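> fold the stuff below for me.
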Amino acid sequence: MNVVVLVVDTVRRDRLSLYNRDIDFTPNFLRFSKSSDVYLNAFSQAPWSFPSQLSFLSGLYPWQHQGNQLKPFLGDEVDLLPVKLKDEGYFTSIIHNNTWLTPITGVTKDFDEERTISNKSKYLHSFWKWLGKNNLNNVQRKLILSSSKLNLLNTSKDRYGVLDQIKSIKRFLESHSERDFFCYINLVESHYPYNPPEKYKKRHGVNLDVGDLKSMPLEYGGKIFEEELEVLNRLYNAEIDFLDDLFGKVLGLFKEYGVYEDSLFIVFSDHGELIGEEGKFGHHFSTNKHLINVPLMIKRPGDDGEVIKDVIELREIYSMILREVGVNHLDNNKLMDGYACGMYEKPVIYKEKLDSFYDYCLSDVFYFATENDVCRVNKSVK
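As a prediction, this is how the structure comes out:
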């Protein structure tokens with residue numbers, strides 16, 4: 001069967017009506033959930049796109065695939081899900097407007113095709129890796145931040161990228177709906193900057209643009225101002241409302257081309273967003289539940305679905321997809337070896353507190369961060 005993955009970027013679980021009865025502006029997500037398995041305890045492996053989506057596509061933890069802010073590119077030794085599916089005759093496509101999913105970072109390297117409004121050259125991937133390997137991380141960070149801040153200049157999202165993305169999905173289906181395919185779609189409409197079309201802002205009672213506010217996410221070098229909390233929440237809700245309509249249009253295209261009922265659909269958010277929790281705005285710098293406890297729905301052909309309370313990690317869906325399509329995946333040794341080396345990127349954050357931190361891999365102990373201190377344990381402890 002065909003496999004369709006829809007990543008709804010930066011969507012908090014509590015802003016979808018299937019998880020929160022007080023929400024009344026996500027009818028398309030709610031309708032889709034009626035025929036899907038709805039997971040109450042799904043967890044992302046990271047609070048931002050690059051490592052989170054790499055974990056989904058590789059089945060690996062971040063400390064295994066090594067994609068993080070110190071190394072913002074994928075190594076050649078890691079094969080992603082499209083490789084396995086191509087071996088089984090699937091045509092693989094990625095459709096997105098996410099600056100992290102590019103030939104530069106290497107995330108798109110294993111797909112047959114990439115459809116995006118930002119056609120970045122794959123030859124820049126080598127340059128990007130060279131920067132990282134030569135310890136020019138500050139240069140990489142400045143380039144990333146500059147690229148991200150360009151998003152602030154974008155016009156309203158109904159005029160930027162959305163129509164192109166719908167056209168890309170339509171063209172993909174026109175070309176490949178008659179064959180076995182794996183289609184990976186990343187919708188970023190709910191990601192900062194919050195620039196929803198005017199009708200959605202009006203619906204949520206806000207007449208300000210994000211550019212009118214002093215608040216800016218931590219990852220952009222900003223902070224949150226308490227007096228702007230209500231406006232930020234209204235703008236974010238307007239974005240989710242807009243995303244819900246877009247989600248309905250995307251599903252409508254798969255129905256139009258006759259591949260909806262017989263496809264495996266996986267819908268999830270790669271991470272959430274903090275809007276005032278912990279006194280923070282944005283993501284990246286926390287493992288708060290509003291960032292890593294993410295929405296997840298899986299629709300199988302002919303299945304009514306159920307509510308599932310068991311804990312699931314997004315990286316586990318890699319193996320689930322391969323089992324569903326009958327592919328042997330147990331020969332991937334990278335899935336089976338390695339120990340957890342601390343929580344996410346905490347060793348990087350705490351390196352100044354412990355001078356010998358990077359020596360842990362040469363000794364019989366390793367260190368990890370807790371809420372109040374840095375602890376040491378014997379490496380032989382699993």
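> S58: what's it in contact with?
64-65, 78-81, 315, 318, 334 (Cβ atoms under 8 Å, 6 or more residues apart in numbering). The way it works is simple: take the backbone N, C-alpha and C, and place the C-beta from them, glycine included.
> so how far is E278 from the residue lying closest to it once chain neighbours are set aside?
Counting by Cβ to Cβ, 6 or more residues apart in numbering, the nearest residue to S58 once its immediate chain neighbours are dropped is H65, at 5.0 Å. Distance of H65 to E278, given as Cβ to Cβ, to the nearest Å: 27 Å.
> more neighbours, those two?
Of the pair H65 and E278, H65 is the one with more neighbours under other Cβ atoms under 10 Å, namely 23 against 12.
> just the pLDDT at that one, thanks.
In the predicted model, H65 carries a pLDDT score of 87.
> how close does it sit to D79?
Here the criterion is Cβ to Cβ. By it, H65 lies 10 Å from D79.
> do L187 as well
25 Å.
> so between the two, which is more surrounded?
Set side by side, L187 and D79 show unequal neighbour counts under other Cβ under 10 Å, the larger going to L187 at 25 against 16.
> tell me, what's the model's pLDDT at the more buried one?
According to the prediction, L187 has pLDDT 93.
> quickly list what it is bridged to.
For L187, the beta-bridge assignment (DSSP bridges) gives partners V8.
> that one reaches V11, doesn't it?
No: with contacts counted by Cβ atoms under 8 Å, L187 stays clear of V11, the gap being 9.1 Å.
> so which residues of this protein form helices?
27-33, 49-58, 62-65, 81-87, 124-133, 137-150, 162-176, 198-203, 229-256, 289-292, 317-324, 346-349 (DSSP state H).
> out of those, deepest packed?
For the helices of the chain, the stretch with the most neighbours on average is helix 49-58, a mean of 27; neighbours defined as mean count of other Cβ atoms under 10 Å.
> leaving out the residues flanking it, which one is nearest to G302?
E261 (7.9 Å).
> quick one: the one you found and P51, what's the gap?
34 Å.
> returning to what we had before: out of the helices of the chain, which is closest to R300?
Nearest of these to R300, taken as Cβ to Cβ: helix 317-324 at 7.4 Å.
> chain center to that closest one, what's the gap?
Chain-centre distance of helix 317-324: 18 Å, with Cα atoms, centre = their mean, to the nearest Å.
> for that helix, give the mean pLDDT please.
For helix 317-324, the mean confidence score works out to 94.
> where are the low-confidence patches of the protein?
Per-residue confidence of the chain (counting by pLDDT under 70) places the weak regions at 117-161, 328-382.
> dead centre of this protein: give me the residue that sits there.
Nearest residue to the geometric centre of the chain (Cα atoms, centre = their mean): D270, 2.9 Å.
> list the residues that contact the closest residue to D180 other than its chain neighbours.
Sequence neighbours aside, Y90 is the residue nearest to D180 in space, at 5.0 Å (criterion: Cβ to Cβ, 6+ apart). By Cβ under 8 Å, 6+ apart, the contact list for Y90 reads 3, 82, 180-182, 325.
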